[in-house]
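A.B. asks: could you work out the structure for the sequence below:
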Amino acid sequence: MDDVPQDVQTRAKYLVLDGIACAIVGSHLPWSEIAAKAIYKMEPPGSGSSTVIGWNGRNLSPMSAALLNSTFIQGFELDDYHSIAPQHSNAIIIPALFSASKIDADDGVKMTGKDFLLSYIIGCEIGPRVGEALHGAELLTRGWHSGALQGPTSSAGAVSKALHLEPYQIEDALGIACTQAGGLMAAQFGSMAKRMQHGFPSRNGLFSVLLAREGYTGIKEVYETPYGGFLSCFGQGAPSGDPIPEAIIKNLGSDWELWHIQVKLHACMAALQSPIDCVENLQKKHPEKMKELDHITKIETKHSKPALEHGGWKPSPDKPLSSLGAQMCIPYATAAQLVDGEVLMAQFASDKLHRPIVKTLMEKVDPSNDPRFDSDKNLEFATEMTITFDDGTVLKEFVKSPRGVTPPCSNEDIVEKWRSLVRGVLDDERRDKIEKCVLNIETLEDIDELLKLLEPTVKSPIT
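C.D. replies: Predicted structure coming up:
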């Protein structure tokens, strides 16, 4: 831990707090409860040792708990994202480490808070580097759910550190984990499976480490192998050409990927954040004009190709829009911000999705690609918006990157988000204990001190 700069350690603690906030508010959403119900039919509640966040006493096996806790963190698209090589690090790493902390508990072995924090940082560093070797967000343009591909590396790397594997065992663990990589972006079109697709690598990375620890061997040199290796297979068809294997180790230990992990301020996926900011900026600059929603004739939005492929789709007017689909849809996010002046959890409740004014505005949104944004990595999440009114007024706004990226969320912003999200879900005393525990996590003799605070049942934020 002494090799990790203090500011990196501090930032990691606040990112963990953000992940826990997302898990708590996601643990009893309708789709989370469906997932839990299904898994509890496979494994009786209380049959395992691993904590399920917000489900008091209903512990599960390590793998199933990791899968569910990840699903909770991803439950409402409020969680972190890596802005260069997209993945939701908290949904992959935190659940795997929580489950790993119970593996040797019966033998009296404890995972300290310091062990947890260092392992978490390692997971944050290595997964995105694998994604950068595959040209980052280009995985999304080709239809892969990038985090589900990179995620096994993050999970297996973090857990390998936490359980003190030898180098040869770590290579086996990564080789076993990477052969389980996969995830289709078509899940974003209303499938509940989208909420779980970071849970698969969280679980699989943990599973791989436990196999490797017992001597089960994995693919050697899994990233570099030319036939059937990770980079050679998932790099096929990349617009930018061959993979860049040296990206995996470039400036490792000096350039910290953790600083590219961004915190969301709107309850939707990353590519929707800057369109929302465009509308919000225009609402502040032209408050009266932006109230004339019935007089808007056209809303043009320009994006990078990855952002457009991910969120620029137009829902069918003949099919009901799901909460998940709305959270992945630029037209919906734009319309919701126009109507409500915010895009938070309430905007994705069923009674909000099909309002006539929202549907009318969605039909006027025309997302398209701007090649300028493709040639500059700093513009990957940029949006240029033009709103035309029937009196000839044209309002334009450009956002290079969304709030939370430029400027990045401060640690104080993260605490404010945490307190806001859990208001009404946790009582103040429990909230304060969790906050203190996480922000002083390196002092914990046993990470179970935190897990005991996370286990009791919580309320749903949307019921």
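A.B. asks: for Thr386, helix, strand, or coil?
C.D. replies: Under DSSP: H, G, I helix; E, B strand; the rest coil, the three-state class of Thr386 is strand.
A.B. asks: that one is in contact with Val394, isn't it?
C.D. replies: Yes - between Thr386 and Val394 there is a contact at 6.3 Å, judged by C-beta atoms under 8 Å. (C-beta placed from N, C-alpha, C; glycine too.)
A.B. asks: same drill for these two, tell me which one is more crowded.
C.D. replies: Thr386 (16 against 10; other C-beta atoms under 10 Å).
A.B. asks: how about that one: what's its closest non-neighbour residue?
C.D. replies: Glu300 (4.4 Å; C-beta to C-beta, 6 or more residues apart in numbering).
A.B. asks: tell me the spacing between the closest residue to Val399 other than its chain neighbours and Gly404.
C.D. replies: Closest residue to Val399 apart from its sequence neighbours, by C-beta to C-beta, 6+ apart: Ser274 at 4.3 Å. Counting by C-beta to C-beta, to the nearest Å, the gap from Ser274 to Gly404 is 10 Å.
A.B. asks: report the central residue of the chain.
C.D. replies: In the chain, the C-alpha nearest the mean C-alpha coordinate belongs to His88, at 2.7 Å (C-alpha atoms, centre = their mean).
A.B. asks: that one: what's it in contact with?
C.D. replies: Applying C-beta atoms under 8 Å, 6 or more residues apart in numbering to His88 gives the contacts 73-74, 79-81, 147, 198.
A.B. asks: circling back: what is the neighbour count of the residue nearest to Thr386?
C.D. replies: Neighbour count of Glu300, defined by other C-beta under 10 Å: 16.
A.B. asks: try the one 4 residues further on
C.D. replies: Residue crowding around Ser304 was assessed by other C-beta under 10 Å; the count is 25.
A.B. asks: how about it, nearest residue that isn't a chain neighbour?
C.D. replies: Phe373 (3.9 Å).
A.B. asks: run the chain-centre distance for the helix or strand hosting the one you found.
C.D. replies: Phe373 is part of helix 371-374 when elements are defined by DSSP states H and E. Mean-position distance between helix 371-374 and its chain equals 24 Å (C-alpha atoms, centre = their mean, to the nearest Å).
A.B. asks: again, but for stretch 328-348
C.D. replies: On C-alpha atoms, centre = their mean, the centre of stretch 328-348 falls 19 Å from that of its chain.
A.B. asks: now it - C-alpha only, PDB.
C.D. replies: Extracted C-alpha coordinates of stretch 328-348, given in PDB (Å, rounded to 0.1, in the frame of the first residue of the first chain):
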ATOM      1  CA  MET A 328     -30.100   4.000 -22.400                       C
ATOM      2  CA  CYS A 329     -32.000   6.400 -24.800                       C
ATOM      3  CA  ILE A 330     -30.800   9.900 -25.700                       C
ATOM      4  CA  PRO A 331     -34.300  11.000 -27.000                       C
ATOM      5  CA  TYR A 332     -35.900  10.000 -23.600                       C
ATOM      6  CA  ALA A 333     -33.200  11.700 -21.500                       C
ATOM      7  CA  THR A 334     -33.400  14.900 -23.500                       C
ATOM      8  CA  ALA A 335     -37.200  15.000 -23.300                       C
ATOM      9  CA  ALA A 336     -37.300  14.200 -19.600                       C
ATOM     10  CA  GLN A 337     -34.900  17.000 -18.800                       C
ATOM     11  CA  LEU A 338     -36.900  19.400 -20.900                       C
ATOM     12  CA  VAL A 339     -40.100  18.500 -19.100                       C
ATOM     13  CA  ASP A 340     -38.900  17.900 -15.500                       C
ATOM     14  CA  GLY A 341     -35.700  19.900 -15.300                       C
ATOM     15  CA  GLU A 342     -33.900  16.800 -13.900                       C
ATOM     16  CA  VAL A 343     -33.200  13.200 -14.700                       C
ATOM     17  CA  LEU A 344     -33.100  11.200 -11.500                       C
ATOM     18  CA  MET A 345     -34.700   8.000 -10.300                       C
ATOM     19  CA  ALA A 346     -38.300   9.500 -10.400                       C
ATOM     20  CA  GLN A 347     -38.000  10.100 -14.200                       C
ATOM     21  CA  PHE A 348     -37.900   6.300 -14.800                       C
END
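A.B. asks: cool, thanks, talk later.
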